[in-house]
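J.: What follows is a protein structure lacking sequence information:
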C-alpha cells in the first residue's frame, strides 16, 4: 500500500460503519450538486488511491464470473496486450458489446497485477456477462502514468475489436480508481485515439500533477517523476491528465464516485469543467460511499452497479 504525508487509519476501516446512501445524478444538462456531499481533506488524500488494495483483493468476496473465463497471454495477442476474457457464451453470433476494464491499484509487481486483473475481471463479469456483455480485464504493465499502461489498453481494443463475437462499434472503456483514470484518459487523450463508444470512470483521479503533489511517496508517482520529470512547469503532465484534456474529450462519459471519497472534490471540479465545455457526460455521486466500493460494500455496491448497467443499456439503446 502507498504511504501518505500523515499517519492514516488502516484502509479496511473505511468500509466498516457507513450510513445509508442516497444517489445524486447529474449530466451536462442537469444539476451538478449531490445533497449532503462532504469535502475532501486538504493536503494528502485520506486514503491513498492508486496502490491501495481494492475490495476485490478479498478472494472470499469474489463472486463467480457467471460466464466462461479465458486467460489471454501476450503470446496470443502478438505482444499487444494480456488479460482475462469473459463471454456470455461460446457463439460468435450475434456480435455483442465489449467492456474493456482496468483494475485499480498498482501493477508494480507483475504477479500481483495479474491477480488484480483476474479479481477485477471476475467482479465486472459477474454483473455484465449475464446481461450479454463481453468483458476483457486488462493485465496492464507497470509504467509511468499514462504511458505503457495505456499502450496495453489500446492494444486490448485493437486485438479484441477483431474478434467475430465483438461488435466493434460498441466497445466501452471502464475502470475503478487507477483504472478509472485510465478509462478516462483512453477516451480523452489524442495520443490514444480509438473509436470508443463510451467510458465509465468509477472513482478514478483525473489530475496526475495534483496526485503527485498530494502523494509524493506514491511509488508510481515517484516512477513517473523519475521517467518524465516532476510536475512543476512540465507540460507532459497535461498530456496524461484528463482534467487538462477536456477539449479533446468527445466520447460519452459516466463518472461514479462516493460522497466520502477523497477524490470527490477533484471529480466535482472535473464535472464542472465538462459541463462548462458542454461535453456529453453523466455524473453520479453516491451519498455516504467511500473510495473503492465496486464489490462487497453494500448498499453502495448495488447502487454503483445499477447505475453502470442503466448507463450501458441507455448508451446502446437496450
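T.: That came through, no problem. As the structure is a computational prediction, the values presented were derived from the model and not from experiment. Numbers count the residues shown, from 1 in each chain.

J.: can you give me how far stretch 171-179 is from the chain middle?
T.: 3 Å (C-alpha atoms, centre = their mean, to the nearest Å).

J.: again with stretch 118-134
T.: Relative to its parent chain, stretch 118-134 has a centroid offset of 14 Å by C-alpha atoms, centre = their mean.

J.: Next: stretch 301-315.
T.: In terms of C-alpha atoms, centre = their mean, the centre of stretch 301-315 is found 14 Å from the chain centre.

J.: Neighbours of residue 280, how many?
T.: 14 (other C-beta atoms under 10 Å). Just so you know, the C-beta spots here come from the backbone N, C-alpha and C atoms, and that holds for glycine as well.

J.: Same question for the one 5 residues further on.
T.: A count of nearby residues for residue 285, using other C-beta under 10 Å, gives 27.

J.: ditto for the one 3 residues further on
T.: Using other C-beta under 10 Å, residue 288 has 17 other residues around it.

J.: which helices and strands does the top strand by length along the chain pack with?
T.: In the chain, with assignment by DSSP state E, the single longest strand is strand 166-176. The elements that strand 166-176 packs onto, with contact taken as 3 or more C-beta pairs under 8 Å, 6 or more residues apart in numbering; DSSP states H and E, are strand 96-102, helix 148-160, helix 178-188, strand 198-202, helix 300-315.

J.: Please convert these to TSV, extending it with distance to residue 289, mean neighbour count and mean pLDDT.
T.: TSV is the format used below for the helices and strands packed on strand 166-176 (distance: least, C-beta to C-beta, whole Å; neighbours: other C-beta atoms under 10 Å; pLDDT from 0 to 100):
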stretch	distance to residue 289	mean neighbour count	mean pLDDT
strand 96-102	19	27	98
helix 148-160	26	21	96
helix 178-188	14	28	98
strand 198-202	11	27	98
helix 300-315	4	18	97
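
J.: any chance of those in TSV, with distance to residue 76 too?
T.: Below are these laid out as TSV (distance: least, C-beta to C-beta, whole Å):
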stretch	distance to residue 76
strand 96-102	16
helix 148-160	8
helix 178-188	22
strand 198-202	25
helix 300-315	27
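
J.: which SS class is the nearest residue to residue 264 once chain neighbours are set aside?
T.: Excluding its sequence neighbours, the residue lying closest to residue 264 (C-beta to C-beta, 6 or more residues apart in numbering) is residue 257, at 5.4 Å. Following DSSP: H, G, I helix; E, B strand; the rest coil, we place residue 257 in the strand state.

J.: Go ahead and confirm residue 257 touches residue 290.
T.: No - assessed by C-beta atoms under 8 Å, residue 257 is found out of contact with residue 290, at 10.1 Å.

J.: Pick out whichever of those two has more residues nearby.
T.: Using other C-beta under 10 Å as the criterion, residue 257 and residue 290 rank with residue 257 on top: 29 against 24.

J.: Just grab the bridge partners of the more buried one for me.
T.: residue 285 (DSSP bridges).

J.: Determine how far the longest strand of the chain lies from the middle of the whole chain.
T.: Distance of strand 166-176 from the chain centroid (C-alpha atoms, centre = their mean) equals 13 Å.

J.: Taking strand 198-202 as reference, get the angle to that strand.
T.: On the basis of axes from the mean of the first three to the mean of the last three C-alpha atoms, to 10 degrees, strand 166-176 is oriented at 20 degrees to strand 198-202.

J.: Point out where the chain drops to low pLDDT.
T.: Residues of the chain that meet the criterion pLDDT under 70 lie in 1-63, 318.

J.: Which helix runs longest in this protein?
T.: In the chain, ranked by residue count with DSSP state H as the criterion, the top helix is helix 110-128.

J.: contacting residues for the residue nearest to residue 264?
T.: Residues near residue 257 by C-beta atoms under 8 Å, 6 or more residues apart in numbering: 202-203, 263-264, 267, 284-286, 289.

J.: Could you rerun that using 7 Å?
T.: By C-beta atoms under 7 Å, 6 or more residues apart in numbering, residue 257 lies in contact with 203, 263-264, 267, 285.

J.: Tell me the one of those nearest residue 219?
T.: residue 263 (18.5 Å; C-beta to C-beta).

J.: How about the contacts made by the closest one?
T.: By C-beta under 7 Å, 6+ apart, the neighbours of residue 263 are 49, 203, 205, 257, 291.

J.: Share the number of residues neighbouring the spatially closest residue to the last one that is not a sequence neighbour, please.
T.: Closest residue in space to residue 291, ignoring its immediate chain neighbours: residue 261 at 4.4 Å, by C-beta to C-beta, 6+ apart. Number of residues near residue 261 (other C-beta under 10 Å) recorded here: 27.
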